[in-house]
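Visitor: Provided below are the primary sequence and the corresponding predicted coordinates.
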Amino acid sequence: MKKPRERKGSMDKLLLDTTYLLPLVGIDIGLKHYSEIFPKLHYYYELYYTPLSIIEAKWIVIKTIKRLKDKSLKQRLLKEYRNGVDLLQASNYYKSTVITNGLIEEIADELLDKGIKDYFDRMIYATAAYYNAVLLTEDEALRKLYNKRKTILKPNRVIDWNTIISIIKPEQ
């Protein structure tokens, strides 16, 4: 097994989009090598999440539950969500950002003018910009926006899971 690199003094901040928190609250996302690589992220980055992702994850859980017929499965998923939130908040590896402030709102409002309609996406992107963090997202529109458009403030970088796989190689 390849040994992860040691944590050094200054590491890039990595803001996790909601997608990457979903498995922690019981929703499978089907990303290649997720269960192997995700636990190693803290060796490479300072990990951040916005509390808005916790709210968005709850909406996804509720939407999922509405499609289920089995009441015990619904209850289990709700419990997994609560346990995942507790785990995330108790962990030393994940840091919560502020929910919002004037600058985050200004950046998010500018993104609305640039065609990003989803409130959570705008706020997550704006939070990454505010913290000068690398944004990890599967959202193609956010990645394109970062590469093409000038905004008042941008994240450090915007990357996807495939980029993470190229940094943290899975076991062969």
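Guide: Structure's in. What do you need?
Visitor: please pull out the lowest mean pLDDT helix or strand from the chain.
Guide: Across the helices and strands of the chain, mean pLDDT, DSSP states H and E gives its lowest value to helix 140-148, namely a mean of 84.
Visitor: list the pairing partners of whichever helix or strand comes after that helix within its sheet, with orientation.
Guide: Heading C-terminal from helix 140-148, the first helix or strand you meet, by DSSP states H and E, is strand 157-159. Using DSSP bridges, the strands paired with strand 157-159 are strand 134-136 (parallel).
Visitor: pLDDT below threshold where in this structure?
Guide: Per-residue confidence for the chain (pLDDT under 70) gives these ranges: 1-9, 149-151, 172.
Visitor: one more time with 50, if that's ok
Guide: 1-7 (pLDDT under 50).
Visitor: where exactly do the strands run in the protein?
Guide: Under the criterion DSSP state E, the chain contains strands at 13-16, 46-49, 94-96, 134-136, 157-159.
Visitor: and residue 93, what does it touch?
Guide: Residue 93 makes contact with 41, 42, 47 under the criterion CB atoms under 8 Å, 6 or more residues apart in numbering. C-beta: built from backbone N, CA, C; applies to glycine.
Visitor: hmm, back to that, quick one: the strands of the chain as CSV, columns for mean neighbour count and distance to residue 106 too.
Guide: Shown next, in CSV, are the strands of the chain (neighbours: other CB atoms under 10 Å; distance: least, CB to CB, whole Å):
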stretch, mean neighbour count, distance to residue 106
strand 13-16, 24, 18
strand 46-49, 21, 20
strand 94-96, 15, 21
strand 134-136, 24, 17
strand 157-159, 19, 19
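Visitor: done for today, thanks.
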